[in-house]
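**Student:** build me a model from this:
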Amino acid sequence: MTVRKTVFLVLSSVLFSMTLRWTIDPDLWWHLKTGQVIVTQGIPRMDIFSFTMYGKPWITHEWLSEVFLWAIHAFGGPPALIIAFALLGVLIFNLVYFTCAGRPFLAFPLTLLACWTSKYMWGPRPQVMNILMVAVFMWLLENIRQKKLSWQWFYLFPFLIMLWVNLHSGYLIGVMVLFTFLAGDALQIFLRKSEEGTFGEKNLWHLTIVSFLSPVVALVNPSGFKIWHYPFETLRSQAMQQGILEWLSPDFHHPFYKPFIAVMVLGAFAFMATHRKRNITEMFLYAGTMAAGLISRRHIPFFAVVAVPIISRALLDCFQDSKWWLFLEEKILSPKPSRIVQIVNTVLVISVLAVTGQRTSQQILSNEIVIRGEFPVEAIKFMKEKGITKLHGYNEYGWGGFLIWNDIPVFIDGRVDMYGGAFFRMWANIYDLQSKNWTEMYSIFKQFDVRYVLLKSNSLLAAVLRTNQDWAEAFRDRTASLFILQKPLP
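**Tutor:** Numbering: from 1, shown residues only. A predicted model of the protein is given here:
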């Protein structure tokens, strides 16, 4: 086994281990239920899961990803989801690896750094499709630019956009990537009078056609024109930008975001140290995705996928005139390693695969236990036994999806875009005890005929309700507390 193959197999195995995640994303459950509804009844055009917004128009912008999620779950349950999305992680970062320069020895650690930087987004969730499509776009565009693929491959992008827009409304990222390459290369060619590091003037016209065609073909989706403005409505939503954790800016005091800092610093060093001319397109891509990541932690994976290959080319150029360049690209190693080297490589690969297999087994076996600690499994069982699920209840925001999966109408769930900012703030004011008195909260409960409250057992609101004689704590375990209203609301 050659060194290059060994590095690739070890990298893939490590990536698989790094992207293994439990099925505990709060939104996963309503995505699964939506996928089931789409397969059995068709794409819903209005809310069918809550009693507070029932019948309100709803753009199911992730419908194809939800069908994909449900199909995997129907095939093999949560273990299948865990494995499938870890394999997607391997695919994504193998694309990053093959987009990088300096394979295998420079690209190997940089790819692992990219994966580590984007770990916040891993797990079974539709957003992973956005990262996958960005990786595909960057790999294709870089190979076309290096003449490894012909210009005809440009015309694959409209079809990829048609696929992407049905997987997720994040298709707009792909459109922006195309226009960034177009604008950067146009400036490089016509202002700097240089085609170095560009598609070239002749091929730029093909990219122009494809870039302007992409937003048009995005109309091939169940929501039609609505999908054009939907991403902008999400970005303008104050409720989502301020109330949802993954839309907030990263807190750099938290060690979780140290890899993000590492990539930014490494990029700055590489750009200062490189001898190659600054490429305008790469500067646009690097700065644009970095700014997006600084604004919202949700966008950090896009920066990792886009920036790391750019950094790899700058770093490799730093070693262009030294023996390190030959080492980083495996030029000094024999294409036919000795038998001892082959044996060592084989043993290394088998060992890494064994460790990965053990970690996969542990992740799958512990998944059910973790779910019981994160979601009100026993409380829902109790509610079904007592017939409480037929009543209307106020619930934890993060448990809305799990209730939907269990066929329980919810007060709220993760679809903030559908509920709207005003309703989300109303829910939050109750949960955070911002209401001035019980009368204000009861007026909302009376409006929606709320008869029970399902909360985390250690939440502040649960502690307050235990002191209120209007409510009785009918169920309590380490995860959840269920309160039943004891008398009609005033």
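
**Student:** after the lowest-mean-pLDDT helix or strand in the chain, next one along is what?
**Tutor:** None of the helices or strands of the chain scores lower by mean pLDDT, DSSP states H and E than helix 323-328, at a mean of 58. The C-terminal neighbour of helix 323-328 among helices and strands, as given by DSSP states H and E, is helix 339-374.

**Student:** for the helix or strand following that next one, packing partners?
**Tutor:** Reading on from helix 339-374 to the C-terminus, the next helix or strand found by DSSP H and E is helix 377-386. Applying 3 or more C-beta pairs under 8 Å, 6 or more residues apart in numbering; DSSP states H and E, one finds that helix 377-386 contacts strand 450-456, strand 471-476, strand 480-485. Using the backbone N, CA and C atoms, a C-beta is placed for each residue, glycine as well.

**Student:** for the one helix or strand Trp139 maps to, the distance to its chain's centre please.
**Tutor:** Per DSSP H and E: Trp139 is located in helix 127-145. On the basis of C-alpha atoms, centre = their mean, to the nearest Å, helix 127-145 sits 14 Å off its chain's mean C-alpha point.

**Student:** dump the next helix or strand along the chain from it to CSV, restricted to CA.
**Tutor:** Counting by DSSP H and E, the next helix or strand C-terminal to helix 127-145 is helix 157-167. Provided in CSV are the C-alpha atoms of helix 157-167 (Å, rounded to 0.1, in the frame of the first residue of the first chain):
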residue,chain,number,x,y,z
PHE,A,157,-23.8,24.1,-12.2
PRO,A,158,-27.4,25.0,-13.1
PHE,A,159,-28.4,21.4,-12.5
LEU,A,160,-26.6,21.5,-9.2
ILE,A,161,-28.5,24.6,-8.3
MET,A,162,-31.8,22.9,-9.2
LEU,A,163,-30.8,20.1,-6.8
TRP,A,164,-29.6,22.4,-4.1
VAL,A,165,-32.7,24.6,-4.0
ASN,A,166,-34.8,21.6,-3.3
LEU,A,167,-32.4,20.4,-0.6
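
**Student:** got the angle for helix 157-167 vs helix 127-145?
**Tutor:** Relative orientation of helix 157-167 versus helix 127-145 (axes from the mean of the first three to the mean of the last three C-alpha atoms, to 10 degrees): 170 degrees.

**Student:** tell me which other helices or strands the helix or strand just after helix 157-167 touches.
**Tutor:** Following helix 157-167 in sequence order, the next helix or strand is helix 171-190 (DSSP H and E). Applying 3+ C-beta pairs under 8 Å, 6+ apart, one finds that helix 171-190 contacts helix 127-145, helix 157-167, helix 201-217, helix 280-295.

**Student:** what stretches of the stretch 251-400 of the chain score poorly on pLDDT?
**Tutor:** The stretch 251-400 of the chain contains residues with pLDDT under 70 at 321-335, 337.

**Student:** how about 90 then?
**Tutor:** For the stretch 251-400 of the chain, the stretches with pLDDT under 90 are 251, 253-256, 271-279, 315-349.

**Student:** figure out which of the helices and strands packed on helix 377-386 is closest to Pro222.
**Tutor:** strand 450-456 (32.7 Å; C-beta to C-beta).

**Student:** mind listing what that closest one pairs with, with the direction of each?
**Tutor:** Neighbouring strands of strand 450-456 in its sheet, by DSSP bridges, are strand 392-395 (parallel), strand 480-485 (antiparallel).

**Student:** count the neighbours of the spatially closest residue to Leu245 that is not a sequence neighbour for me.
**Tutor:** Spatial nearest neighbour of Leu245, chain neighbours left out: Arg297 (7.9 Å); criterion: C-beta to C-beta, 6 or more residues apart in numbering. By the other C-beta atoms under 10 Å criterion, the neighbourhood of Arg297 contains 21 residues.

**Student:** Arg297 contacts Phe252, correct?
**Tutor:** No. Look at Arg297 against Phe252 with C-beta atoms under 8 Å: they stay out of range, at 10.6 Å.

**Student:** so which of the helices and strands packed on helix 171-190 gets nearest Glu195?
**Tutor:** The nearest among the helices and strands packed on helix 171-190, by C-beta to C-beta, is helix 201-217 at 6.5 Å.

**Student:** can you show me the CA trace of that closest one as CSV?
**Tutor:** Output of helix 201-217 as CSV, limited to C-alpha atoms (Å, rounded to 0.1, in the frame of the first residue of the first chain):
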residue,chain,number,x,y,z
GLU,A,201,-11.1,35.4,-20.7
LYS,A,202,-12.5,32.8,-23.1
ASN,A,203,-13.9,30.6,-20.4
LEU,A,204,-15.2,33.6,-18.4
TRP,A,205,-18.1,34.0,-20.8
HIS,A,206,-19.2,30.5,-20.0
LEU,A,207,-19.1,31.3,-16.3
THR,A,208,-21.1,34.5,-16.9
ILE,A,209,-23.8,32.5,-18.6
VAL,A,210,-23.9,29.9,-15.8
SER,A,211,-23.9,32.5,-13.1
PHE,A,212,-26.9,34.5,-14.4
LEU,A,213,-28.7,31.3,-15.3
SER,A,214,-28.4,29.9,-11.8
PRO,A,215,-31.0,32.1,-10.0
VAL,A,216,-33.4,31.4,-12.8
VAL,A,217,-33.2,27.6,-12.6
